[in-house]
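# this one's structure only:
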């Protein structure tokens with residue numbers, strides 16, 4: 001916690017996980033801090049915020065869109081417009097494409113990552129994309145799709161180099177696991 005002068009009053013500063021509930025109202029008076037709510041909001045650093053930041057929500061639940069019941073239809077054009085709007089809403093459903101990799105605490109935001117079969121190349125990604133299922137004709141897989149990268153395709157000779165590296169990596173992992181006593 002700290003204070004900084006603004007004019008004749010001091011602005012109160014809160015620590016990570018808290019916010020300023022009340023700034024100093026007169027010179028030489030104390031402000032008040034309040035804690036953020038676990039799983040709901042957070043502050044990652046010392047701050048002068050008057051409320052905590054809302055935690056990010058991963059798209060690990062189906063987003064539902066409710067279309068209201070049409071009680072009165074006055075003419076045929078209105079009915080078509082309502083049907084089009086309902087069709088558009090339902091075609092924009094967004095299903096499970098993320099998982100929560102770290103839950104929100106009072107000092108850190110939620111971290112999300114794409115679930116298996118989806119990827120997003122940018123950090124802090126909002127929309128995961130479905131992984132490609134196969135390579136184009138004449139190309140082969142050189143990189144398996146993961147949470148941050150789509151399926152990588154290359155010429156067959158590139159694949160051989162990659163397969164050799166992958167085999168070498170797996171062999172070294174197997175050796176490391178056998179040394180540590182793990183069985184694979």
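Good, I have the coordinates. Quantities reported herein were computed from a predicted structural model and do not represent experimental measurements.

# And the strands in this structure, which stretches?
Assigned by DSSP state E, the strands in the chain fall at 2-6, 9-13, 18-22, 32-35, 41-42, 53-54, 98-102, 111-114, 118-119, 129-130, 140-143, 152-154.

# Direction included, what does the third one pair against?
With DSSP bridges as the criterion, the sheet partners recorded for strand 18-22 are strand 32-35 (antiparallel).

# Name the residues that touch the strand it pairs with?
Residues from elsewhere that reach strand 32-35 (Cβ atoms under 8 Å, 6 or more residues apart in numbering): 1, 12, 14-15, 17-22, 106. (C-beta placed from N, C-alpha, C; glycine too.)

# ok so, going back, reformat the strands of the chain as a markdown table; add mean pLDDT and mean neighbour count.
A markdown table is the format used below for these (pLDDT from 0 to 100; neighbours: other Cβ atoms under 10 Å):
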| stretch | mean pLDDT | mean neighbour count |
| --- | --- | --- |
| strand 2-6 | 47 | 11 |
| strand 9-13 | 55 | 18 |
| strand 18-22 | 89 | 18 |
| strand 32-35 | 90 | 14 |
| strand 41-42 | 97 | 21 |
| strand 53-54 | 97 | 14 |
| strand 98-102 | 90 | 15 |
| strand 111-114 | 90 | 20 |
| strand 118-119 | 92 | 22 |
| strand 129-130 | 90 | 13 |
| strand 140-143 | 90 | 17 |
| strand 152-154 | 91 | 17 |
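
# Which parts of the chain belong to which domain?
For the chain, automatic domain parsing gives the domain ranges 2-53, 82-180.

# Tell me the one of the contacts of strand 32-35 nearest residue 99?
Within these, proximity to residue 99 (Cβ to Cβ) peaks at residue 106, which comes in at 22.0 Å.

# can you pull the contacts of residue 18?
If you count contacts by Cβ under 8 Å, 6+ apart, residue 18 has them with 33-36, 43, 52, 106.

# Can you add distance to residue 131 and give these back as TSV?
Output for those, formatted as TSV (distance: Cβ to Cβ, whole Å):
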residue	distance to residue 131
33	45
34	44
35	41
36	36
43	36
52	36
106	35
